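> Pasted the sequence and its predicted model underneath.
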Amino acid sequence: MAEDTNTYLVAALYKFVALPNFEDLQAPIRAVCDDNDVKGTLLLATEGINGTIAGPEAGMRAVLGYLNAIPEFEGLVHKESWASEAPFPRMKVRLKKEIVTMGVPGIDPNKIVGTYVKPAEWNDLISDPNVVVVDTRNDYEVAIGTFKGAVDPQTKSFREFPKWAEDHEEELRKPKKVAMFCTGGIRCEKSTAYMKEQGYEEVFHLEGGILKYLEEMPEDESLWEGECFVFDDRVSVGHGLKPGPYDMCHACRRPISDEDKASDHYMKGVSCPHCYDETSAERKARFAERQKQIALAKERGELHLGVQAPPRDKAPVEQQIEGE
């Protein structure tokens with residue numbers, strides 16, 4: 001019998017909106033998610049909401065309906081996909097300074113932002129020789145897929161983007177038009193707002209992000225190359241938002257291929273070719289013990305909720321959301 005791939009509904013969502021009393025929303029949103037067996041991570045800040053959640057369809061519809069009933073979140077747009085296994089082990093509703101961490105005060109996409117471009121119009125835009133196309137995601141995301149001809153800033157966190165843009169101002173201003181994209185759209189909104197604040201006039205971004213493009217664009221017409229990293233246990237998706245071939249290193253949280261897993265530097269839950277030289281023998285021993293406990297818990301039919309190790313310096317909320 002074919003595997004049921006529609007067991008869990010996954011929703012990626014965000015909205016920039018003024019939330020001066022965002023702390024008051026934390027407890028009730030968490031309660032509604034718990035009551036409906038919905039898990040994942042939602043971030044709340046004075047600038048809005050951001051996150052990815054998953055659960056049974058009925059529970060997800062209830063949670064999404066609840067969020068849309070909050071006046072500030074009216075018209076909240078989300079992107080849906082499906083997973084055969086639960087993508088998240090727990091539910092978190094966290095309070096933050098920013099829902100997408102750029103670290104530049106005063107950047108507000110509600111006041112100024114780039115021009116939205118729908119997926120159907122994106123190919124024409126990025127094929128224009130007078131447009132420089134910038135991937136605003138982090139290096140480990142870009143490594144498994146991006147748009148043909150896109151510039152890779154090679155950033156390890158979104159905080160590095162303003163400095164990268166400053167260092168490459170001459171080449172960014174030369175073609176007059178700048179087109180940006182990211183996974184779901186949130187980093188694009190903030191990065192284009194930043195660019196507009198810096199005086200760039202013609203700045204565009206992909207509405208709905210890569211996920212919307214992969215959902216709507218026929219594969220034979222697509223300019224996307226590779227897979228799109230996603231912030232849950234599916235690791236990557238391709239056209240039609242079908243889960244891709246990548247696994248995840250649970251030591252560094254980077255995507256890994258079958259080739260990576262064949263490496264002498266790969267040990268499940270302990271290391272992979274990308275992080276083998278980044279961790280000490282002591283940390284590897286701790287990871288090995290954690291992996292042992294996970295395996296024992298699985299044998300008992302239990303879910304092990306041990307803390308996942310961070311990639312490099314810090315994990316973006318255990319890689320469960322886009323935006324860091």
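That came through fine.

> dump the residue contacts of the residue lying closest to residue 174 once chain neighbours are set aside.
Nearest residue to residue 174, sequence neighbours excluded (C-beta to C-beta, 6 or more residues apart in numbering): residue 132, at 7.7 Å. In this view, the C-beta of every residue, glycine as well, is placed from N, C-alpha and C. Each residue near residue 132 by C-beta atoms under 8 Å, 6 or more residues apart in numbering is listed here: 151, 171-172, 174-175, 177-179.

> Could you identify the least confident member of these?
For the contacts of residue 132, the model is least confident at residue 175; its pLDDT is 78.

> what's the helix or strand for it?
Assigned by DSSP states H and E, residue 175 falls within no helix or strand.

> ok, it - contacts?
129-132 are the contacts of residue 175 under C-beta under 8 Å, 6+ apart.

> Produce a PyMOL select command limited to the buried residues of those residues.
In PyMOL, a selection of the buried entries from these looks like this (16 or more other C-beta atoms under 10 Å):
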select buried, resi 131+132
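
> Any figure for the gap between residue 68 and residue 62?
11 Å (C-beta to C-beta, to the nearest Å).

> Filter the contacts of residue 132 down to just the ones in strands.
177-179 (DSSP state E).

> Which neighbouring elements make contact with the helix ranked longest in the chain?
As assigned by DSSP state H, the longest helix anywhere in the chain is helix 281-299. Helix 281-299 is packed against no helix or strand, with contacts defined by 3 or more C-beta pairs under 8 Å, 6 or more residues apart in numbering; DSSP states H and E.

> Name the nearest residue to residue 152, sequence neighbours excluded.
residue 142 (4.8 Å).

> how about residue 178, what does it touch?
131-132, 134, 172, 195, 200, 202-204.

> so it bridges to which residues?
Residue 178 has these beta-bridge partners by DSSP bridges: residue 132, residue 203.

> got it, and residue 82?
residue 9.

> Read off the pLDDT value for it.
Reported pLDDT for residue 82: 87.

> surely it meets residue 10?
Yes. Residue 82 is in contact with residue 10 according to C-beta atoms under 8 Å; the separation is 6.6 Å.

> which of those two has more neighbours?
residue 10 (24 against 17; other C-beta atoms under 10 Å).

> quick one on the thing from earlier: compare residue 68 and residue 62 (neighbour count), which wins?
Per other C-beta under 10 Å, whichever of residue 68 and residue 62 has more neighbours is residue 62, with 18 against 15.

> Excluding chain neighbours, what is closest to that one?
Closest to residue 62 by C-beta to C-beta, 6+ apart is residue 36, at 4.9 Å.

> follow-up on the earlier one: the contacts of residue 132, buried ones only, as a ChimeraX selection?
With 16+ other C-beta under 10 Å as the criterion, this ChimeraX line picks the buried residues out of those:
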select :151,172,177,178,179
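
> of all the contacts of residue 132, which comes closest to residue 248?
residue 151 (26.1 Å; C-beta to C-beta).

> Thank you kindly, that will do.
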